[in-house]
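Undergrad: just to be clear, the model below is a prediction. Sequence and coordinates:
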Amino acid sequence: MACASAYAGARSLSLTTLGRLAAGDWRFFDRVVEGSTTFTARKYDDVMLWFSERWPEGCDWPAEVPRPSLEARA
């Protein structure tokens with residue numbers, strides 16, 4: 001959620017829009033916050049790589065979150 005919050009703030013997006021773009025599910029981040037969903041490690045990896053590939057210039061990546069390598073997609 002640290003990456004989602006930082007990205008959404010930097011791009012002026014709602015979490016619903018970001019969920020649709022990053023996870024293909026507009027309620028994804030809402031359900032994560034509510035604790036009403038689980039997701040696979042693959043989904044986590046896909047979403048984190050999506051963030052890493054599109055991270056906004058001038059916005060610091062959250063220090064507490066390991067940033068995936070862009071080579072991980074290969």
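TA: The structure has been received and is ready for your questions. Everything quoted here is computed from the prediction, not taken from an experiment.
Undergrad: any idea how far K43 is from A8?
TA: In this view, A8 and K43 are 18 Å apart by CB to CB, to the nearest Å. (C-beta placed from N, C-alpha, C; glycine too.)
Undergrad: between these two, which is the more surrounded one?
TA: A8 (19 against 14; other CB atoms under 10 Å).
Undergrad: residues in contact with the more buried one?
TA: S14, L15, T17, L18 (CB atoms under 8 Å, 6 or more residues apart in numbering).
Undergrad: Provide the secondary structure category for the closest residue in space to the first one that isn't next to it in sequence.
TA: Excluding the flanking residues, the one nearest S14 by CB to CB, 6 or more residues apart in numbering is A8, at 6.8 Å. Using DSSP: H, G, I helix; E, B strand; the rest coil, the three-state assignment for A8 comes out as helix.
Undergrad: likewise for S36?
TA: coil.
Undergrad: number of residues surrounding it?
TA: Per other CB under 10 Å, the neighbour tally for S36 reads 9.
Undergrad: pLDDT score for it?
TA: What the model reports for S36 is a pLDDT of 82.
Undergrad: ditto for A74
TA: 54.
Undergrad: what's the answer for E53, then?
TA: At E53, pLDDT is 95.
Undergrad: identify the residue nearest it in space, chain neighbours excluded?
TA: Counting by CB to CB, 6+ apart, the residue nearest E53 is L70, at 6.3 Å.
Undergrad: is that neighbour in contact with F51, as I believe?
TA: No. Counting by CB atoms under 8 Å, F51 is not a contact partner of L70; they are 11.2 Å apart.
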